[in-house]
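Participant: compute the structure for the input listed below.
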Amino acid sequence: MIKAVRGTRDLLPPDTGLWNFVEQKVREVFARYNFQEIRTPVFESTELFARGVGEETDIVSKEMFTWEDKARAASEKTLSLTLRPENTAGVVRAYIEHNLEKTGLLQKLYYIGPQFRRERPQKGRYRQFYQIGAEVLGPATAGSELPIRDAEVVEMLTALLDAVGLKGWTLYLNSVGCPQCRPAYNEALRVALADVKDKMCGDCQRRAETNPLRVLDCKVPEDQPYIEALPKIADYLDEGCRQHFSEVRAILDTLAVPYTVNPRMVRGLDYYSRTTFEFTHGELGAQSAVLGGGRYDGLSEQLGGPQAPGIGFAIGEDRLVLALQAQQAVAVSPLKAFVAPLGAGTNRHALKLARELRAAGVAVDVGDESFRLKKSFETAEKLGAAYVVLVGENEIASDAFAVKELKSGQQTTVARGALAEFLGR
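Facilitator: Model (predicted):
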């Protein structure tokens, strides 16, 4: 028997109902904030992620699915391609390629789709996983670098988590500075790590030399006391970064959005600058992050594009659904009715009625005239239908149908012309 590859999985009904519910709420909430959908390829040039995400990140150095796309002709060169491990770099690449800066407007873009990382599968973490993300970027003249953009994105996320019904989330904020003030902090980290790095995990020993800021992202429990003793980035922010972070917090305070400043939170990607944030949830255990993001003011230039300050985030949809399931959240079945034909020759009448109801926007399923009445009701309950509509000889003759509500057991006779309205109430 051939099975799904390790680290991938099938999403099956009824679980997909909850996934669809989440994505429906995403589209509704994001639309209220004037975000529009973008769809980028699932694979890109490897160079995009090496330059955008950072060669020393775990994603690029360990986790990408990369292959050589061999030249088909003498005039072509072999390309290195990678399944996207994240989507911000792809969105910024699309922004540059399609000259979106020429609109002079902020681009507020969102995406929903699979990402791919070669990492050890564990609870809520897969090699093919799903992200919901959004990016706000554009020329500085459009206000893309202002603190209000950071605060609006964070506030939108609180509205989304409320809309899907996630309770008990915690929001952490930090500022990781900018290219002007971060080098001094990196040097302070390098000096502080010199005496302790040999006592830390292998990844931290490597990061201490190549990218000391990444040490703060370590999750190894034994390393945490050493990390807690390291210098704090807040002490190294320049006046511009300090003021920017202060204004972001002031706006969130005005909006009554609760948050905690976490000076150790840096996120895992090199392109972040200034504001970073993370939402966590206790139901997910040690890997508690549901979503995270931050500002990336220099990413467009890093990829060869125009100046386009931006801020964005990615939601781990697998982890968000897992947290909702832990709260025993169940998406309501869209199936309104089960049409049950009763007796020989009633199938065609049942299907005709189902066609009329579906055309009126009512979700229905249809049984078979060979079913006994008991089996029709059992099937309707298993499918999650709210009503059973009986189609027998008497109903066909009178053009009025017995409708039984499964929850209450109440049965009503409804004329054909009024049936769609009755079921849709």
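Participant: what about the strands in the stretch 251-400 of the chain?
Facilitator: Here the stretch 251-400 of the chain has its strands, by DSSP state E, counting those that start in this stretch, at 260-261, 273-281, 289-295, 310-316, 337-341, 364-366, 387-391, 400-405.
Participant: among those strands, which is the most enclosed?
Facilitator: When the strands of the stretch 251-400 of the chain are scored by mean count of other CB atoms under 10 Å, the highest mean neighbour count falls to strand 337-341 (a mean of 27). Heads up, the C-betas are built off the backbone N, CA and C, glycines and all.
Participant: please parse the chain into its domains.
Facilitator: Annotated domains of the chain cover 15-181+237-326, 337-424 [automatic domain parsing].
Participant: ranking those by burial, who's on top?
Facilitator: Scoring the domains of the chain by how many neighbours each averages, mean count of other CB under 10 Å, gives domain 15-181+237-326 as the top one, at a mean of 18.
Participant: span of it from start to end?
Facilitator: This stretch, domain 15-181+237-326, spans 13 Å end to end (CA to CA, to the nearest Å).
Participant: over to stretch 298-317?
Facilitator: End-to-end distance of stretch 298-317 (CA to CA): 27 Å.
Participant: so can I have TSV of the strands of the stretch 251-400 of the chain showing distance to Gln224 and mean pLDDT?
Facilitator: Shown next, in TSV, are those (distance: least, CB to CB, whole Å; pLDDT from 0 to 100):
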stretch	distance to Gln224	mean pLDDT
strand 260-261	17	95
strand 273-281	16	93
strand 289-295	16	92
strand 310-316	23	95
strand 337-341	55	96
strand 364-366	53	96
strand 387-391	56	96
strand 400-405	56	95
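Participant: can I get those in CSV including distance to Thr413?
Facilitator: As requested, those are exported to CSV (distance: least, CB to CB, whole Å):
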stretch, distance to Thr413
strand 260-261, 59
strand 273-281, 48
strand 289-295, 49
strand 310-316, 47
strand 337-341, 15
strand 364-366, 18
strand 387-391, 10
strand 400-405, 5
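Participant: minimum distance to Cys178: which of those has it?
Facilitator: With CB to CB as the measure, strand 273-281 is the member of the strands of the stretch 251-400 of the chain nearest Cys178 (4.9 Å).
Participant: next, the angle from that closest one to strand 289-295.
Facilitator: 170 degrees (axes from the mean of the first three to the mean of the last three CA atoms, to 10 degrees).
Participant: helix or strand next in line after the helix or strand of the chain with the lowest mean pLDDT, which one?
Facilitator: Ranked by mean pLDDT, DSSP states H and E, the weakest helix or strand in the chain is helix 58, scoring a mean of 67. Counting by DSSP states H and E, the next helix or strand C-terminal to helix 58 is strand 66-69.
Participant: quick check: next helix or strand after that next one?
Facilitator: For strand 66-69, the succeeding helix or strand toward the C-terminus, using DSSP H and E, is strand 79-83.
Participant: where are the low-confidence patches of this protein?
Facilitator: Residues of the chain meeting the criterion pLDDT under 70: 55-58, 71-75, 267-270, 283-287, 330-332.
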